[in-house]
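# Sharing a model prediction with you, sequence too.
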Amino acid sequence: MQVYTYSEARQKLALVLEQAKNTGKVLIRRKDGLTFALVPEKNIFSPLDVPSIKVKVTTEEIVGIVREGRERQHPGKPDIVTAIGECPVK
């Protein structure tokens, strides 16, 4: 693991950051002997974080589209929402 003095780290900051990224950790030592670890931050974004879009679609239209898709996949099988809706016990 690479250890830089405070002065070296200041002068070569881009190099120090790149090395921390590649190796996972770089140490920086001050004149008084204190040592600090420079560690890259983990990616905190989820692959499911996607930008939203503005669409003028009603809830009923979305439900209809989903039901159509389910009907195409399973012809003749009742939609669970419809089946529950017809259930005498609610």
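In hand now; what should we look at? Numbering: from 1, shown residues only.
# Assign a three-state SS to Leu27, would you?
Classification of Leu27 using DSSP: H, G, I helix; E, B strand; the rest coil returns strand.
# Can you pull the poorly scored residue ranges out of the protein?
78-90 (pLDDT under 70).
# Tell me where it has helices.
With DSSP state H as the criterion, the chain has helices at 6-11, 13-23, 59-73, 80-86.
# Reformat those helices as TSV; add mean neighbour count.
Quick note: C-beta positions are derived from backbone N, CA and C, even for glycine. Below are the helices of the chain laid out as TSV (neighbours: other Cβ atoms under 10 Å):
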stretch	mean neighbour count
helix 6-11	14
helix 13-23	13
helix 59-73	11
helix 80-86	10
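# show me the contacts for the spatially closest residue to Lys21 that is not a sequence neighbour.
Spatial nearest neighbour of Lys21, excluding adjacent residues (Cβ to Cβ, 6 or more residues apart in numbering): Pro40 at 5.1 Å. With contact set as Cβ atoms under 8 Å, 6 or more residues apart in numbering, Pro40 has these partners: 20-21, 24.
# now do Lys12
Tyr4.
# Relative to Asp32, which of the helices of the chain is closest?
The closest of the helices of the chain to Asp32 is helix 6-11. By Cβ to Cβ, the value is 9.6 Å.
# For that closest one, name the packing helices and strands.
strand 26-29 (3 or more Cβ pairs under 8 Å, 6 or more residues apart in numbering; DSSP states H and E).
# tell me which residues of the strand it packs on are tucked away?
Judged by neighbour count (16 or more other Cβ atoms under 10 Å), strand 26-29 contains these buried residues: 26, 28.
# Next: stretch 31-42.
When burial is assessed from 16+ other Cβ under 10 Å, stretch 31-42 yields the following buried residues: Leu38.
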